[in-house]
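Undergrad: any chance you can model this:
(one chain, ligands or ions: 1)
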Amino acid sequence: MPVGTRGTIKAVLATQIEQIGFEVVLGNTYHLMLRPGVETIQSLGGLHGFTGWKRNMLTDSGGYQVMSLGATYSDKGAVFRSIYDGSIHEVTPERATLLQENIGADIAMVLDVCTNLPAGRDEVARAMELTHSWAKRARSAKTRNDQAQFGIVQGGVEQDLRRESAQFISSIGFEGLAIGGLAVGESREAMLESIDSVMKDLPTDVPRYLMGVGDPIGVIEAISRGVDMFDCVAPSRVARHGQAMTFEGKLHLKNLKFARDSRPIEDDCPCVACQRFPRALIRHLVTVGEPSGGTLLTLHNLTFMYRLVERARQSIRSGTLNALAGSIRAAWSN
Ligand SMILES: [Zn+2]
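TA: Sure thing, here's the model as predicted:
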C-alpha cells in the first residue's frame, strides 16, 4: 500500500496510483481528522468522494502518530497535541473506530499503543495489555458490516509477549491481523525474529499485515515468512530526494555520473518515467528542484514496489521465492 498521509500520495495523483495497479492505499486518520476534519470529508461523500480514489482505502487509527508526538496514555485512551495548532485532542478506541466508520474507510485499524524501541520489558508489557483491552473495546464499538476491522499485535521484541499478543488478538475475530510496533528502532534481526514469533499464531485465512515496513529487503523477508500486506512511505519519500529503487539496488540520481546518461532508470520497467525519459533529464529535474522530478521518481519507485510484490507472488507459485529473496538481499544490502 502506498501511503497518502494528507489525502493524496505525495507528488502523484490517485489516477496514476490506479494505473500502476495498486488495489489498496493507506490514509492517515490522524492527519485527516485534524485537517480538513471528519465533517468536511463526510460532507463530500467520505474518503472516496473527497480523494477521488475509487479502490480500497485502509486507514490507520492514529496510534503510531500519537506515539511519535509523545502522547500520554491512560486506560481510557491517548491524549496528544495537534502538530498544526497545538490544540489538545483525545482519542479512545471507540472514537478511533467511529472516526474511521464516519470517513468511510474500507479497512479500519484498531487504536493500539506503540512503543519506541529500545524499551524496557515493563513498558512493552504495559503497552501490550492496553492494546489488548483497547482491541476488545474497538471490536465492540464497530457498527458497520461493510467495513473490515484489523487487530494489531504488539509486544516489542519480547518474543514471549509477541506470541501472547498474537494469540490474544487472533481470538477476537478481526477480518485481518496486523503486526505493529516494528521498524521503530530495533535491529533487522530482532524485527525478523519478532515476525517469526507471531506468524504461526496468526490464522492464515485472513490477511496478515506488517505495519510500516516497506524497504525491499524487509518486504521480501516478511513475504518469505507469510506476510500478505505492507505499507511504507519510504518509496515516495526517497523519490523526492532523488533516489530511484531498482532490482539492482538504489540509484542516487543526483550523482554527477548520471548527467549525460541516456538510459531509462530501469530497462524493463513499464512506468512513464522509464518509458519516456532518460536518467539525465530526471537527474536535471531533481537537481534544479522541479516538482516533476519527484513525480517521475515517485511513479517509478511505486511501480518498482508493485513489481517486487508481483514477482514475489509469481515466485511463490513457481517455488523460487528463495532465489528472488537472495537477489534482493544482494542488491539492497548496502
Ligand atoms: Zn520505471
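Undergrad: report pLDDT for residue 31.
TA: The model reports residue 31 with a pLDDT of 85.
Undergrad: let's have the chain start at 469 instead
TA: Will do, 469 is the new start, and the previous item becomes residue 499.
Undergrad: was I right about it contacting residue 476?
TA: No - Residue 499 is beyond contact range of residue 476, at 11.1 Å (criterion: CB atoms under 8 Å). Yep, even glycine has a C-beta here, placed from its N, CA and C like the rest.
Undergrad: just give me the residue closest to the centre of the protein.
TA: By CA atoms, centre = their mean, the mean C-alpha position of the chain lies nearest to residue 699, the distance being 2.1 Å.
Undergrad: which positions in the helix-or-strand element of the chain with minimal mean pLDDT come out as buried?
TA: Within the chain, judged by mean pLDDT, DSSP states H and E, the helix or strand with the poorest mean is helix 531-536; its value is a mean of 81. Using 16 or more other CB atoms under 10 Å as the test for burial, helix 531-536 gives 531, 532, 533, 534, 535.
Undergrad: so which of those residues reach the ion?
TA: Contacts with the ion are made by none of these, judged by CB under 5 Å from the ion.
Undergrad: so which of those is the closest to the ion?
TA: Using CB to the ion, residue 532 is the member of the buried residues of helix 531-536 that lies nearest the ion, at 29.5 Å.
Undergrad: tell me who's in contact with the closest one.
TA: If a contact means CB atoms under 8 Å, 6 or more residues apart in numbering, then residue 532 has 582, 648, 679, 680 as its contacts.
Undergrad: select from those residues the one having the most neighbours.
TA: Using other CB atoms under 10 Å as the neighbour test, the contacts of residue 532 are led by residue 648, with 29 neighbours.
Undergrad: do you know the pLDDT at the closest residue to it other than its chain neighbours?
TA: Spatial nearest neighbour of residue 648, excluding adjacent residues (CB to CB, 6 or more residues apart in numbering): residue 620 at 4.1 Å. pLDDT, residue 620: 98.
Undergrad: any idea what residue 620 is bridged to?
TA: Beta-bridge pairing of residue 620 under DSSP bridges involves residue 646.
Undergrad: and it, how many residues sit next to it?
TA: By the criterion of other CB under 10 Å, residue 620 has 29 neighbours.
Undergrad: tell me the contacts of it?
TA: 531, 577-578, 580, 599, 603, 637, 645-649, 679.
Undergrad: longest helix anywhere in this protein?
TA: Determined from DSSP state H, the single longest helix within the chain is helix 759-786.
Undergrad: right, and the helix or strand after it?
TA: For helix 759-786, the succeeding helix or strand toward the C-terminus, using DSSP states H and E, is helix 789-800.
Undergrad: about what we covered before: okay, the contacts of residue 532 in CSV with pLDDT next?
TA: Formatted as CSV, those follow (pLDDT from 0 to 100):
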residue, pLDDT
582, 88
648, 95
679, 96
680, 91
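Undergrad: the ion: which of these is nearest?
TA: Within the contacts of residue 532, proximity to the ion (CB to the ion) peaks at residue 680, which comes in at 24.3 Å.
Undergrad: how close does that closest one sit to residue 520?
TA: According to CB to CB, to the nearest Å, residue 680 and residue 520 sit 25 Å apart.
Undergrad: report the secondary structure state of the residue in the stretch 569-718 of the chain that the ion sits nearest to.
TA: Nearest to the ion, among the residues of the stretch 569-718 of the chain, is residue 712, at 7.8 Å (CB to the ion). Using DSSP: H, G, I helix; E, B strand; the rest coil, the structure places residue 712 in strand.
Undergrad: right, and it touches residue 733 too?
TA: Yes - using CB under 8 Å, residue 712 is in contact with residue 733, at 4.7 Å.
Undergrad: shared neighbours of those two, which are they?
TA: Shared contacts of residue 712 and residue 733 (CB under 8 Å, 6+ apart): 719, 721, 750, 768.
Undergrad: what are the C-alpha coordinates of the helix or strand hosting the third one, in CSV please?
TA: Secondary structure here is read from DSSP H and E; on that basis residue 750 sits in helix 747-756. What follows is helix 747-756 as a C-alpha-only set of coordinates in CSV (Å, rounded to 0.1, in the frame of the first residue of the first chain):
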residue,chain,number,x,y,z
ARG,A,747,18.1,9.4,-16.4
ALA,A,748,19.8,12.6,-17.4
LEU,A,749,16.5,14.5,-17.5
ILE,A,750,15.3,13.1,-14.2
ARG,A,751,18.6,14.0,-12.6
HIS,A,752,18.3,17.5,-14.0
LEU,A,753,14.8,17.9,-12.7
VAL,A,754,15.6,16.7,-9.1
THR,A,755,18.8,18.7,-9.1
VAL,A,756,17.2,22.0,-10.0
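Undergrad: any part of that helix near the ion?
TA: No - if you take CB under 5 Å from the ion as the test, helix 747-756 misses the ion, and the best it gets is 9.9 Å.
Undergrad: average pLDDT for that helix, rounded please.
TA: The model assigns helix 747-756 a mean pLDDT of 98.
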